[in-house]
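A.B. asks: Dropping a prediction and its sequence here:
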Amino acid sequence: MSVAEVVREVAKDQIFFDESGGGVTLSGGEPLMQPRFVQALLMELKARGIRTVVETCGFADPAVICRLSRWVDLFLYDVKLMDSDKHRQFTGVPNEVILRNLKMLAEQGCAVTVRVPLIPGVNDDSKNIGELSEFLSSVRLREIDLLPYHRIGSGKYHRLQMADRMAAVDPPSTEQMEEVAARLRREGFCVRIGG
């Protein structure tokens, strides 16, 4: 779709955005992989007074994030693992650029909610949660959405004849989610479960 086509579709709901304070969330995949399109779309939405949110994993060119940030009302920013080697093991990429970009957004005063998918046996350990808390405190970000791991996409692996490396991982219990949320709240964060 072109920017004009997307804006035409979005404009149909503008009355609802105006009444509710809602707007448009650019998600994906990774929207920052299409920076020219995203910038043009964000600029047009902002020109129409529509609130904008970008959901990102943060693995993007810092110049792109910096340039786009002026048209973004809120970043929903994924932080999966603090250990870069472990991050590479589970996602295929290290996390240094992700954390640098998050720090840059915080330093610019951008609105950011950090989204943490809580995956038992992967990133729910005390060490990772402690390092997450330390990092977010150091950049003065306080909003966290804890997202419980789920198996919604597991059927896709079977249909694509791919191995599901996470097939043996169970979603976290309500108690596990509450325990991590309570720890982060004690450390001064505003935590929501889900998001």
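C.D. replies: Arrived safely, thanks for sending. Numbering: from 1, shown residues only.

A.B. asks: What is the least confident helix or strand in the protein?
C.D. replies: The weakest-scoring helix or strand in the chain, judged by mean pLDDT, DSSP states H and E, is helix 154-159 (a mean of 82).

A.B. asks: then the helix or strand that comes right after that helix to CSV, C-alphas only?
C.D. replies: Tracing the chain past helix 154-159, the next element assigned as helix or strand by DSSP states H and E is helix 174-186. Provided in CSV are the C-alpha atoms of helix 174-186 (Å, rounded to 0.1, in the frame of the first residue of the first chain):
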residue,chain,number,x,y,z
THR,A,174,0.1,-16.1,36.8
GLU,A,175,2.2,-16.5,40.0
GLN,A,176,5.4,-16.2,38.0
MET,A,177,4.2,-13.1,36.3
GLU,A,178,3.1,-11.5,39.5
GLU,A,179,6.4,-12.4,41.2
VAL,A,180,8.5,-10.6,38.6
ALA,A,181,6.1,-7.7,38.4
ALA,A,182,6.2,-7.3,42.2
ARG,A,183,10.0,-7.3,42.2
LEU,A,184,10.1,-4.6,39.6
ARG,A,185,7.4,-2.5,41.3
ARG,A,186,9.5,-2.7,44.5
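
A.B. asks: Which parts of the least confident helix or strand of the chain count as buried, going by neighbours?
C.D. replies: Using 16 or more other Cβ atoms under 10 Å as the burial criterion, none of the residues of helix 154-159 qualify. (Each C-beta comes from the backbone N, C-alpha and C, glycine too.)

A.B. asks: Alpha carbons only: can I get it in PDB?
C.D. replies: Extracted in PDB, the C-alpha atoms of helix 154-159 (Å, rounded to 0.1, in the frame of the first residue of the first chain):
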ATOM      1  CA  SER A 154       3.700 -22.600  17.300                       C
ATOM      2  CA  GLY A 155       1.300 -24.000  14.600                       C
ATOM      3  CA  LYS A 156       3.200 -21.900  12.000                       C
ATOM      4  CA  TYR A 157       6.400 -23.900  12.500                       C
ATOM      5  CA  HIS A 158       4.600 -27.200  11.800                       C
ATOM      6  CA  ARG A 159       2.900 -25.700   8.600                       C
END
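
A.B. asks: mind checking how far the residue located most distally from the centre of the chain is from V24?
C.D. replies: What lies farthest from the middle of the chain is Q161; by Cα atoms, centre = their mean that is 28.0 Å. Going from Q161 to V24 by Cβ to Cβ, to the nearest Å gives 35 Å.
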